[in-house]
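Visitor: take a look and give me a structure for this.
(one chain, ligands or ions: 1)
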Amino acid sequence: MNEQDQELYELRKRHLTHTANHYYKEPLHLVKASGTRVWDSNGKEYLDAICGIVSISVGHNHPKVKQALIERFNNDGIQHPSILYQNEPTIKLAQRLAEYSPPGLNRVFFSNSGSEANEYAVMAARNITGEELVISLKHGYHGGTLLTTTLCGHSTWKFRGQPLAGVVHATPPYYYRNATEGQSAEDYARQCARELEETILTTSRGKIAGMIIEPIMGVGGFIDAHPVFLQEAYRICKKYGGMYISDEVQTGIGRTGEGFFAAPAMGVTPDMITMAKSLGNGAPIGAVVMTDEISEALAGKLHFNTFGGDPYQTLQALVCLDIIEEDNLMANISEMGEFLQERLNALKEKHQLVGDVRGRGLMWGLELVRDRQTKEHAGSETIAVMEAARERGLLIGKGGLHGNVIRFSPPYTISREECERIVEVLDQSLAAVAAVPVSV
Ligand SMILES: Cc1ncc(COP(=O)(O)O)c(C=O)c1O
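Guide: Residues are numbered from 1 along each chain as shown. The predicted structure follows:
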């Protein structure tokens, strides 16, 4: 670490809270970004395959985004007016999001984050049903606010004295760890759905406010649901009177390559879809799309947040949607996704550490295990692979309840050569970690 970074690190340790963890033994000070690349304070270049936390869609500092924002600033475009006033980008973005959503999901609430979007969706589900109980999944992640940490199925995000009422956690569709040998993915999906129904029958009075489910559980380690699981979950949700919320904070805005939102592409029309991350390409914006009926049920109440729908953030999101269309980025996501799938599965053949490869589009996870039979979580090895990749100029992330899943989610603009580079560095990093046993 250079002297200035060391000084900054000392300040960080003194002034940021104790919950502000960082990646890497020595924190990485990123100072510049363009397209798929970022640079640290020493001028070293990295291929950014994780994008903060899955939050860059059209590439860092895209020229069209910069131009639109600079123009608005140069024209003294107003920045503050909450939804209490009228402003064009906010309303136009709501219209666009309704167009991308399944028919009937016409109404949009804007927030500053995915957590607040989920807060709103659960509040709306409880309001329209008059029920309190929400079903979420073990290993799920839904945000850092009081309610959303309760929704999370991870001890990492549970704090002392935190109320845990009003939510129960059901079995996730974690095929790699929990299916029996030889069980088909569809059969396992149906088994999880039966367990989901049993959870409702054993923990509720037979009525629920709703369910909140990620089509691919992001923080949980890119655990990808089988479409049959989602379809069954939706059917069960309706059977017990609930509102189905698809948390697409990670999967939304085309990330999985199969559709603008993942759940509809998997045969489910949710009552509400929440989104953030790729929507703003780095800008702090979240949203919920919902039916007229859900929105109407809230009429007479007032709910907004000061900066939700800010014209600069919504403008940035609008320009990103234009870029996704104009540059046909959905096609690139699918094409690069197929390429990565093939190459990552080949890596699994080569490296014993890789127990499972899963994902879709530009959302990929490699679950690392010490032993393929026992599936012992390889948490320290995962950290070592991240360090080795950093040294080689590649930024990746990690996830999973036991921190043993390598995750990566590059910008939609990634090229085939860059995908090859990701696989090459992963290959080298896995080999380097296997060669030097990591102390556990
Ligand atoms: C699936 C999912 N939902 C909700 C959130 C919370 O979003 P935010 O951090 O913007 O509040 C996250 C963040 O990682 C997420 O992955």
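
Visitor: domain assignment for this structure?
Guide: With domains defined by automatic domain parsing, the chain comprises 13-61+329-435, 67-326.

Visitor: can the ones you listed go into a markdown table with extra columns for mean pLDDT?
Guide: Compiled in a markdown table, the domains of the chain are given as follows (pLDDT from 0 to 100):
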| stretch | mean pLDDT |
| --- | --- |
| domain 13-61+329-435 | 97 |
| domain 67-326 | 96 |
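
Visitor: nearest residue to the residue nearest the centre of the chain in space, please, no chain neighbours.
Guide: For the chain, residue 250 is the residue whose C-alpha lies nearest the centre (C-alpha atoms, centre = their mean; 2.2 Å). Spatially, and ignoring its direct neighbours in sequence, residue 250 is nearest to residue 218 (3.6 Å; C-beta to C-beta, 6 or more residues apart in numbering). From N, CA and C alone the C-beta is placed, and that goes for glycine too.

Visitor: and this structure, which residues reach the ligand?
Guide: 53, 113-115, 118, 141-144, 214, 218-219, 247, 249-250, 276, 286 (C-beta under 6 Å from any ligand atom).

Visitor: re earlier: got JSON lines for the domains of the chain, with distance to residue 5 too?
Guide: Formatted as JSON lines, the domains of the chain follow (distance: least, C-beta to C-beta, whole Å):
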{"stretch": "domain 13-61+329-435", "distance to residue 5": "5"}
{"stretch": "domain 67-326", "distance to residue 5": "22"}
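
Visitor: among those domains, which is nearest residue 4?
Guide: With C-beta to C-beta, the closest approach to residue 4 among those belongs to domain 13-61+329-435: 6.9 Å.

Visitor: quick one on the thing from earlier: in a strand, the residue nearest to the centre of the chain, correct?
Guide: No. Using DSSP: H, G, I helix; E, B strand; the rest coil, the secondary structure at residue 250 is coil, not a strand.

Visitor: these two touch, right, it and residue 363?
Guide: Yes. Between residue 250 and residue 363 a contact is recorded at 6.9 Å, counting by C-beta atoms under 8 Å.

Visitor: and the residue nearest to residue 250, how close does it get to residue 160?
Guide: Going from residue 218 to residue 160 by C-beta to C-beta, to the nearest Å gives 26 Å.

Visitor: which one's more surrounded, the two?
Guide: Neighbour totals were compared for residue 218 and residue 160, and residue 218 leads with 27 against 4 (other C-beta atoms under 10 Å).

Visitor: what's that one sitting at in phi/psi?
Guide: phi -70, psi -70 (degrees, to the nearest 10).

Visitor: and if you look at residue 359?
Guide: Phi and psi for residue 359, reported as degrees, to the nearest 10, are phi 140, psi -180.

Visitor: okay, and the beta partners of it?
Guide: Residues in a beta bridge with residue 359, per DSSP bridges, are residue 364.

Visitor: I figured it hits residue 224, correct?
Guide: Yes. Counting by C-beta under 8 Å, residue 359 does reach residue 224; the two are 6.3 Å apart.

Visitor: need the residues touching each of the two.
Guide: Common neighbours of residue 359 and residue 224, using C-beta atoms under 8 Å, 6 or more residues apart in numbering, are residue 216.

Visitor: quick one: the closest residue in space to residue 100 that isn't next to it in sequence and residue 97, what's the gap?
Guide: Closest residue in space to residue 100, ignoring its immediate chain neighbours: residue 260 at 4.3 Å, by C-beta to C-beta, 6+ apart. For residue 260, the distance to residue 97 (C-beta to C-beta) stands at 9 Å.

Visitor: same question for residue 194.
Guide: For residue 194, the distance to residue 97 - C-beta to C-beta - is 34 Å.

Visitor: ok, the residue of the stretch 301-440 of the chain found nearest the ligand - contacts?
Guide: Closest to the ligand within the stretch 301-440 of the chain is residue 399: 9.2 Å, counting by C-beta to the nearest ligand atom. Contacts for residue 399 (C-beta under 8 Å, 6+ apart) come out as 218-222, 365, 405, 407.

Visitor: tell me which stretches of the stretch 251-400 of the chain form helices.
Guide: Ranges of helices in the stretch 251-400 of the chain, per DSSP state H, counting those that start in this stretch, are 262-265, 292-297, 311-326, 329-350, 379-391.

Visitor: which residues touch the third one?
Guide: In this case it means helix 311-326. 57-58, 62, 64-65, 68-69, 72, 77-79, 81, 87-90, 92-93, 96, 100, 110, 112, 253-254, 278-285, 307, 329-330, 412.
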